[in-house]
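Colleague: Need coordinates for the following:
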Amino acid sequence: VIGSGPAGLAVAQQLTRDGHDVVVFERSERVGGLLRYGIPDFKLEKHIIERRLDQLRTEGVEFQTGVNVGEDISARYLRKMFDCAPLTMVVRCVNDIIDVFHEEQNTIGAVTCLSAFWMR
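Modeller: Here you go, the predicted model:
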């Protein structure tokens, strides 16, 4: 899963609960995306995010931080190592990464992936 914001965490949880091994790649040094960096503490205290991340780790989700997909790891690496790569990052970089994955098989957006789970 590329991106550790709300969509990335939701995709990671669903895939893990369906029995898949999941790795979440995050460009920042801390996991949480917009939950951590976009919502002030008075609306969402960060210990709540940490509690949720601990639960995901316990369920088997692996987080790799400080990884800029497209620079630090390539689309070729993701294709070789993983069955799919849900793209769940924020809008500011989606166009760049979509160019990298444009015609790749088994690469889907988070909304598509989550919709499939919700409609079962």
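Colleague: okay, CA-based contacts and neighbour counts for the rest of this
Modeller: Will do.
Colleague: Touching, residue 8 and residue 25? I think so.
Modeller: No - assessed by C-alpha atoms under 8 Å, residue 8 is found out of contact with residue 25, at 9.2 Å.
Colleague: Identify the contacts common to the two.
Modeller: Both residue 8 and residue 25 are contacted by 1-2, under the criterion C-alpha atoms under 8 Å, 6 or more residues apart in numbering.
Colleague: Longest helix in the chain, by number of residues?
Modeller: In the chain, taking DSSP state H as the definition, the longest helix is helix 46-59.
Colleague: The next helix or strand after that one - contacts with which helices or strands?
Modeller: Once the chain leaves helix 46-59, the next helix or strand it forms, by DSSP states H and E, is strand 62-65. Helices and strands touching strand 62-65, by 3 or more C-alpha pairs under 8 Å, 6 or more residues apart in numbering; DSSP states H and E, are strand 23-26.
Colleague: List the buried residues of the next helix or strand after the strand it packs on.
Modeller: As assigned by DSSP H and E, the chain's next helix or strand after strand 23-26 is helix 34-37. Going by neighbour count (16 or more other C-alpha atoms under 10 Å), the buried part of helix 34-37 is 34-36.
Colleague: again, but for stretch 61-79
Modeller: Neighbour-count burial for stretch 61-79 [16+ other C-alpha under 10 Å]: 61-65, 67, 69-70, 75, 78-79.
Colleague: The helix or strand hosting residue 11 to helix 46-59, inter-axis angle?
Modeller: Here residue 11, judged by DSSP H and E, is contained in helix 6-17. Angle, helix 6-17 to helix 46-59, by axes from the mean of the first three to the mean of the last three C-alpha atoms, to 10 degrees: 30 degrees.
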